[in-house]
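**Q** how would this look folded up:
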Amino acid sequence: MYSILRSFFFLLPPEKAHYTTMRLFKVVSKLPFVPPMFQFEATPKKLDGLTYKNRVGIAAGFDKDGKFLEELYTLNFGFVEIGTVTPKPQTGNPQPRLFRLKKDKAIINRMGFNNEGLKALKTRLTAFRKKHRDCDMQIGLNIGKNKTTPNENAVDDYVKCYDALYDLADFFIVNVSSPNTPNLRELQNKGELKKILGALLDIRKNQDKWKPLYLKIAPDLSFEQLDEIIDLQKEIAFEGLVATNTSIDRTLLKNSNKKVVSEIGAGGISGAPVLEVANSFVKHIRSKSDMTIIGVGGIQNAESGQSKFDAGADLIEVYTGFIYSGPGLVKELGTISA
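**A** Modelled structure (predicted):
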C-alpha cells in the first residue's frame with residue numbers, strides 16, 4: 001500500500017511532497033481506526049534518567065518547527081528530535097534544496113536550518129505539553145545558530161535556545177555538524193565545543209530538573225577528531241553523541257548518475273549510502289566509551305537497524321529510510337529484540 005502512495009508523492013518535488021504527506025496524515029490520523037494500526041509492544045529502554053517506550057526516534061529535520069508532533073505521536077515513535085531550531089526565524093537556503101536519489105535510496109539536502117524560530121516552537125510545544133500531560137514519547141530539541149551569527153558568538157545562540165526551551169524538552173542535542181550553514185562545522189573542534197557545551201552545562205546546574213545533553217557529529221570527521229570529542233565528553237560529562245549527521249562525501253553514492261549528482265551541487269547525503277560510515281563511527285565510539293549513543297544514518301529496515309544496535313547504539317533514529325520504507329518501519333524497528 002505504501003509503495004503505491006510513495007509513487008504518487010514522488011511525483012511531487014521532495015519538499016512539497018514532505019509537507020503534503022504530513023498534512024494528509026494529519027487528517028487521516030484523526031480517523032478512529034488509524035492510531036491502533038501503529039501500536040505495538042516493545043521493551044522500554046531506560047537511559048540517562050528517561051524511559052523510552054521503544055528505541056526508535058525520528059531524526060532532526062523531519063519536523064523542524066514542532067508542527068507534526070501529534071502525527072509523530074500517533075505513529076508511535078519512542079522519541080522525536082525536533083528542529084534544528086535557531087533563536088530567530090530564518091528561511092534557509094534557496095529552493096530547490098532537497099533532492100531524491102532513488103537508485104541509492106538516498107537524499108541530498110541543503111536546507112540551511114530553515115525554521116520559524118524559538119518563539120514559534122515554544123508556543124507549539126507548550127500547547128502539545130498542555131494537551132498531552134502524560135505523553136510517553138520523549139521530545140528532544142535540536143538547537144543551532146542563526147546563519148547571520150558569527151562563529152565567535154555562536155555560543156550565545158545555543159544558550160538562547162537552551163534557556164528558552166529548557167522546561168519543554170526532555171533532552172537536547174547540539175547541532176554543529178550540518179554541512180549547510182557556512183562554517184558551522186568549524187565549531188566541531190574541541191575548543192569551540194567545550195565553550196558551547198560548557199555554557200549549557202553551567203545553565204543546567206541551576207535548573208530544578210536535569211535534562212540530558214547530546215552532541216550531533218558529522219560522519220566526515222577523522223577518527224582523530226572523533227577521539228578528541230570522546231575525550232571532551234569524559235572531561236566535561238555531557239551525556240553522549242548522536243552519530244551521525246549527513247555526509248558530503250559523494251563517493252558514497254554508488255548507483256546514482258554522476259552528472260545528476262554534480263548538477264545538484266552542495267548538500268549532505270542521507271539514506272542507505274551512509275549506513276557503513278555511520279556504523280563505523282558508532283562502533284569506534286563504543287570501543288572507547290560507555291557514553292550514550294543515538295545511532296542515525298542509513299537505516300532502511302530491521303536488518304540495518306539491527307546493525308546499528310550491534311555497532312553499539314543505545315537508541316536509533318530514522319528519516320530518509322522512513323520516507324522510502326514508510327510508517328511501518330517504526331514497528332519493524334521497534335520490535336527488534338533488545
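**Q** From here on, just use CA atoms for contacts and neighbour counts.
**A** Fine.
**Q** Just the C-alpha atoms of stretch 169-182, please, in PDB.
**A** Coordinates of the C-alpha atoms in stretch 169-182 are reproduced here as PDB (Å, rounded to 0.1, in the frame of the first residue of the first chain):
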ATOM      1  CA  ALA A 169      12.200  19.400  26.300                       C
ATOM      2  CA  ASP A 170      13.100  16.000  27.700                       C
ATOM      3  CA  PHE A 171      16.600  16.300  26.200                       C
ATOM      4  CA  PHE A 172      18.700  18.500  24.000                       C
ATOM      5  CA  ILE A 173      21.000  18.000  21.000                       C
ATOM      6  CA  VAL A 174      23.600  20.500  20.000                       C
ATOM      7  CA  ASN A 175      24.000  20.700  16.200                       C
ATOM      8  CA  VAL A 176      27.300  21.900  15.000                       C
ATOM      9  CA  SER A 177      27.600  19.300  12.200                       C
ATOM     10  CA  SER A 178      25.200  20.400   9.500                       C
ATOM     11  CA  PRO A 179      27.100  21.000   6.200                       C
ATOM     12  CA  ASN A 180      24.500  23.500   5.000                       C
ATOM     13  CA  THR A 181      25.300  26.500   7.300                       C
ATOM     14  CA  PRO A 182      28.600  28.200   6.200                       C
END
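**Q** Just the buried positions in it, please.
**A** Of the residues in stretch 169-182, 169-181 count as buried by neighbour count, 16 or more other C-alpha atoms under 10 Å.
**Q** what do you get for stretch 24-37?
**A** When neighbours are counted by 16+ other C-alpha under 10 Å, the buried residues of stretch 24-37 are found to be 25-26, 29, 35.
**Q** Now intersect those residues with the helices, please.
**A** Among these, the residues falling in helices (DSSP state H) are 25-26.
**Q** Tell me the one among the buried residues of stretch 24-37 nearest to A272.
**A** Taking C-alpha to C-alpha as the measure, A272 sits nearest to F25 out of those, at 25.0 Å.
**Q** Helix, strand, or coil at the spatially closest residue to K194 that is not a sequence neighbour?
**A** Excluding the flanking residues, the one nearest K194 by C-alpha to C-alpha, 6 or more residues apart in numbering is L232, at 7.2 Å. Taken by DSSP: H, G, I helix; E, B strand; the rest coil, the conformation at L232 corresponds to helix.
**Q** Check what contacts stretch 245-263 and list those residues.
**A** Contacts of stretch 245-263 with the rest of the structure, by C-alpha atoms under 8 Å, 6 or more residues apart in numbering, involve 101-104, 177-179, 216-220, 266-270, 273-274, 296-297.
**Q** Swap in 7 Å and give it another go.
**A** Taking C-alpha atoms under 7 Å, 6 or more residues apart in numbering as the criterion, the residues outside stretch 245-263 that touch it are 101, 103-104, 177-178, 216-220, 267-270, 273-274.
**Q** With stretch 271-281 instead?
**A** For stretch 271-281, the surrounding residues in contact (C-alpha under 7 Å, 6+ apart) are 104-107, 219, 243-244, 252-253, 297-300, 308, 311, 320-321.
**Q** As a check, name the ranges of all helices in the chain.
**A** Assignment of helices within the chain using DSSP H yields the ranges 2-9, 14-28, 69-74, 118-131, 154-165, 190-205, 223-236, 258-264, 275-288, 302-311, 320-325, 328-334.
**Q** what's the angle from the fifth one to helix 190-205?
**A** In this structure, helix 154-165 runs at an angle of 20 degrees to helix 190-205, with axes from the mean of the first three to the mean of the last three C-alpha atoms, to 10 degrees as the basis.
**Q** and what of the first one?
**A** The directions of helix 2-9 and helix 190-205 differ by 110 degrees, with the same axes, to 10 degrees as the criterion.
**Q** Next, the angle helix 14-28 makes with helix 2-9.
**A** Relative orientation of helix 2-9 with respect to helix 14-28: 130 degrees, computed using the same axes, to 10 degrees.
**Q** just how off-centre is helix 2-9 within its chain?
**A** Helix 2-9 has its C-alpha centroid displaced from the chain centroid by 24 Å (C-alpha atoms, centre = their mean, to the nearest Å).
**Q** Now do the same for it: mean pLDDT, whole number.
**A** The average pLDDT within helix 2-9 is 93.
**Q** Next, the buried residues of it.
**A** With burial defined by 16+ other C-alpha under 10 Å, the residues of helix 2-9 counted as buried are 6, 9.
**Q** With the last one instead?
**A** Residues 329-334 are the ones in helix 328-334 that count as buried (16+ other C-alpha under 10 Å).
**Q** Show me which of those residues is closest to K283.
**A** For these, the closest approach to K283 (C-alpha to C-alpha) belongs to L333, at 19.4 Å.
**Q** isn't that closest one right up against Q306?
**A** No - proximity of L333 to Q306 does not meet the contact threshold set by C-alpha atoms under 7 Å, at 8.1 Å.
**Q** Good, wrapping up.
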